[in-house]
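**Student:** below: sequence and its predicted model.
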Amino acid sequence: MLLAATAVATAPAWQGWSAVAHAATGSALPESARALPLNATRLLPSPFADAVEGNRLYLLRLEPDRLLHNFRKHAGLTPKGAIYGGWENDTIAGHTLGHYLTALALMHAQTGDAECARRAAYIIAELAECQAAAGDGYVAGFTRRRDDVIEDGRLIFPEIMRGDIRSAGFDLNGCWVPFYNWHKLFAGLFDAETHLGNSQARGVALALAAYIDGVFAKLDDAQVQQVLDCEHGGINESFAELHARTGDPRWLALATRLRHRKVLDPLAQRQNSLPWIHANTQIPKLIGLARLHEITGNAADAIAANFFWETVVGQYSYVIGGNADREYFPDPGTISKHITEQTCESCNSYNMLKLTRHLYAWKPEARLFDYYERAHINHILAHQNPATGMFAYMVPLMSGSHRVWSEPFDDFWCCVGSGMESHAKHGESIWWEDADRPADMLIANLYIPSEADWAARGAKLRIETGYPFDGHIAMSIPKLARAGRFTLALRIPGWCQGARIAVNGTPLPAPRIADGYALIDRKWKAGDRVTLDLPMALRIEATPDDPRTIALLHGPVVLAADLGAADQPFDGPAPALVAADVTQGFSATTAAVPAYRTAGIGKPADLSFAPFFQQRDRRTAVYFKRFTQQEWGVEQQAFAVEQARLRDLERRSVDVMHLGEMQPERDHGLEAKLSYTTTYRGRHGRDARTDGHFQFRMKVKPGPLILQATYWGEERNRLFDILVDGQKIATQKLDADRPGEFFDVTYAIPEALTRGKSAVTIRVQPAPGMTRAGPMFGARIFTPAGETRT
């Protein structure tokens, strides 16, 4: 049967997923659902299976003893391996071990790999040995920095228990996010218990929990909130889960106490508290509230979790399903103004998919898995290179940007850790069942080639498909020990129009449609086959805030224009599309995967498009400005005017400094203390932190001169001084002055400071009591209008 259309092809992207229209005749889905166990599913050849295999090989390249280095060292035991580099050699050391333990457990469940199980058991035994040596349950790999000296991280806890609590958001008494670190370790221990049946894991978790409980027992509620102002992952989830496993009310009381009220209380009142706060810091807190709701039934926790999901997906998510720019939530509904090379931290989607699973388990709705699938295919698959097993921290969407891949032993970013997990469990959400009456309904949510065992019916399930490139999906039931009547629910994606279903080769006359699912209620037997055809077509999605900023998709797959090899520079303008009807200017170039070529509508030249997630070593463009021919003419005139202005400025320039770039900084004798380079929207820059500065030499000439500095218009709470040869000429305040754009500020240089000189030193430093100067994205010295350089 041809099912009713369920989405408009040109609907704006993420226009409130709560409002995605699925044709419906009433709800017949269960009140709650649960996924089939991960170890019940085996993947068949597909991009998902490739990702799992690439990850498995990487996990086995890592050495547990090297990840355990600090755990043993700070327990007074001799390390058995040299510490890794990158973040593992910083004060966040140890966070990777928790991720790694989870990844090993998941990988064993997904593939049956015995070596993964062996390694996990070894790590847990080592952690138990470290605890025994410590004597009080403490076990950790993190350290703290004090006066440039690296110390054992446990030294911060006596200070905290005395009420000496210091944090600027990501550090706690000199240690980088210790409770975030422990949240990863707890998760690894719980996953080892769940997927490997490792009983020792719970003992390690209980002993560590008792130590942490002792720390918080010394603090009043206000002090607990001070601690929680430092990023802490989902430590509330850790103790909620420990209570669920043990039934001990002690852990539920602590989980409830570890509620970061500053962020979570407004969300429980359906108030958006997210603008300009660190995105991934928040998502695990909401996963914790979701787990608490499942245990206690507290309605406020469910409200907060649901409202957060709706807000992030509806207001902050890009076409690939990822969210945030430079790791922060911007103002809501401003996606078109935040398409940069620092979009979509990969940890964010890893955590959003976790939260989505909780919400779906409470109330199955297809729209939740429409989002899940979007992020799963277009962000999660994009964030790993299966050929190397390496991961991308950001998945950038700015035209001309490319993914930067981790090094195997010298990075260990947070997104490396979450990537180890994400690509060990691609089979976890394919099939779901009725949580209360599991034999009554089977739900297909993801169309990934796989085989699965459905214990409730003693069934073997099989999916064969070329999805997400091909919309033909063949499902079969090779084995069904308990044949009989049950309902098979097939998710019809919100983008799909005209889905067709057949059972044993016979088109289904009129399946019932409810909440985005086609429901097939019949008596089933072994050997039954179902085919689902989801027609795929090229379509556009506009950003919610600007209908002229568009992306292109084919079925569930986001497409991107290929702008060249990642190892070659991209210096051209961002490409645009000029047509009254954009999709009419595209023609398919291959049938194997969705690939297209524009004909006459790409500016400045026509473009080739392919799936974004597969363009791992290419520079790409995902979003495009759409113009009519008349609008494009106006755009070209404005461009010509701007080029004339830049030529005039260049004619009057005496010296130009490109901050954040190696050779220009060398050429200008840059000196810096507590100063860091940055890159944003293709511009390089530099900032200075508390008690730091940066300074550089610039050429001057006799007569009036102007210093120009470039800033990003959404920096907030910045106040800093600019000095020329030691004399302050300006104090600059940045406080979201020019949202969405870079802007220039000019400062007159007193002639007395340049008289008789050929160069001066420009120094930038935070104003007294302030924590940051800049970033400054370039400096220029030039003569006033009407004069030229000599």
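**Tutor:** Perfect, thanks for sending it. Residues are numbered from 1 along each chain as shown.
**Student:** ok, which stretches of the stretch 351-500 of the chain are strands?
**Tutor:** When assigned using DSSP state E, counting those that start in this stretch, the strands of the stretch 351-500 of the chain occupy the ranges 384-385, 390-391, 431-434, 441-444, 450-454, 459-465, 472-480, 484-491, 500-503.
**Student:** could I get those as TSV with mean pLDDT?
**Tutor:** As requested, those are exported to TSV (pLDDT from 0 to 100):
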stretch	mean pLDDT
strand 384-385	98
strand 390-391	98
strand 431-434	98
strand 441-444	98
strand 450-454	98
strand 459-465	98
strand 472-480	98
strand 484-491	97
strand 500-503	97
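**Student:** show me where pLDDT drops low in the stretch 551-700 of the chain?
**Tutor:** Across the stretch 551-700 of the chain, nothing is flagged by pLDDT under 70.
**Student:** show me where it has its helices.
**Tutor:** Under the criterion DSSP state H, counting those that start in this stretch, the stretch 551-700 of the chain contains helices at 629-652, 662-667.
**Student:** buried set for the longest one?
**Tutor:** To tie it back to what came earlier, the one meant is helix 629-652. Within helix 629-652, the residues that count as buried by 16 or more other Cβ atoms under 10 Å are 632, 652. For every residue, glycine as well, the C-beta is placed using N, CA and C.
**Student:** stretch 591-608 too?
**Tutor:** For stretch 591-608, using 16+ other Cβ under 10 Å, the buried residues are 594-598, 601-603, 607.
**Student:** picking up where we left off before, can I get the strands of the stretch 351-500 of the chain in a markdown table with mean neighbour count and distance to residue 715?
**Tutor:** Shown next, in a markdown table, are these (neighbours: other Cβ atoms under 10 Å; distance: least, Cβ to Cβ, whole Å):
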| stretch | mean neighbour count | distance to residue 715 |
| --- | --- | --- |
| strand 384-385 | 24 | 32 |
| strand 390-391 | 24 | 29 |
| strand 431-434 | 24 | 45 |
| strand 441-444 | 24 | 47 |
| strand 450-454 | 19 | 47 |
| strand 459-465 | 20 | 47 |
| strand 472-480 | 18 | 48 |
| strand 484-491 | 21 | 43 |
| strand 500-503 | 18 | 53 |
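**Student:** so which of these gets nearest residue 235?
**Tutor:** In this view, these are compared for proximity to residue 235 by Cβ to Cβ, and strand 390-391 is the closest at 24.0 Å.
**Student:** contact partners of the closest one?
**Tutor:** Applying Cβ atoms under 8 Å, 6 or more residues apart in numbering, the set of residues contacting strand 390-391 from outside is 58, 346, 383-385, 405-408, 413, 415-416, 419.
**Student:** of all these, which two lie farthest apart?
**Tutor:** Going by Cβ to Cβ, the pair spanning the contacts of strand 390-391 furthest: 346 and 408, at 16.8 Å.
**Student:** okay, these two: which has more neighbours?
**Tutor:** Between residue 346 and residue 408, counting by other Cβ atoms under 10 Å, residue 346 is the more crowded of the two (27 against 15).
**Student:** so how far is residue 682 from that one?
**Tutor:** Taking Cβ to Cβ, to the nearest Å as the measure, residue 346 falls 21 Å from residue 682.
**Student:** nearest spatial neighbour of residue 485, chain-adjacent residues omitted?
**Tutor:** Closest residue to residue 485 apart from its sequence neighbours, by Cβ to Cβ, 6 or more residues apart in numbering: residue 523 at 4.8 Å.
**Student:** ok, the one you found - how many residues close by?
**Tutor:** Every residue meeting other Cβ under 10 Å relative to residue 523 is counted, giving 9.
**Student:** check the gap between it and residue 475 for me.
**Tutor:** 17 Å.
**Student:** about what we covered before: make JSON lines out of the helices of the stretch 551-700 of the chain and add distance to residue 221.
**Tutor:** Putting the helices of the stretch 551-700 of the chain into JSON lines (distance: least, Cβ to Cβ, whole Å) gives the following:
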{"stretch": "helix 629-652", "distance to residue 221": "56"}
{"stretch": "helix 662-667", "distance to residue 221": "48"}
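**Student:** can you tell me the SS state at the residue nearest to residue 485?
**Tutor:** Judged by DSSP: H, G, I helix; E, B strand; the rest coil, the three-state class of residue 523 is strand.
**Student:** okay but it is in contact with residue 487, surely?
**Tutor:** No. Contact status for residue 523 versus residue 487: not in contact, 11.2 Å apart, counting by Cβ atoms under 8 Å.
**Student:** for residue 610, name its beta-bridge partners.
**Tutor:** Residues in a beta bridge with residue 610, per DSSP bridges, are residue 560.
**Student:** neighbours of it, just the number please.
**Tutor:** Around residue 610 sit 21 other residues, with neighbours defined as other Cβ under 10 Å.
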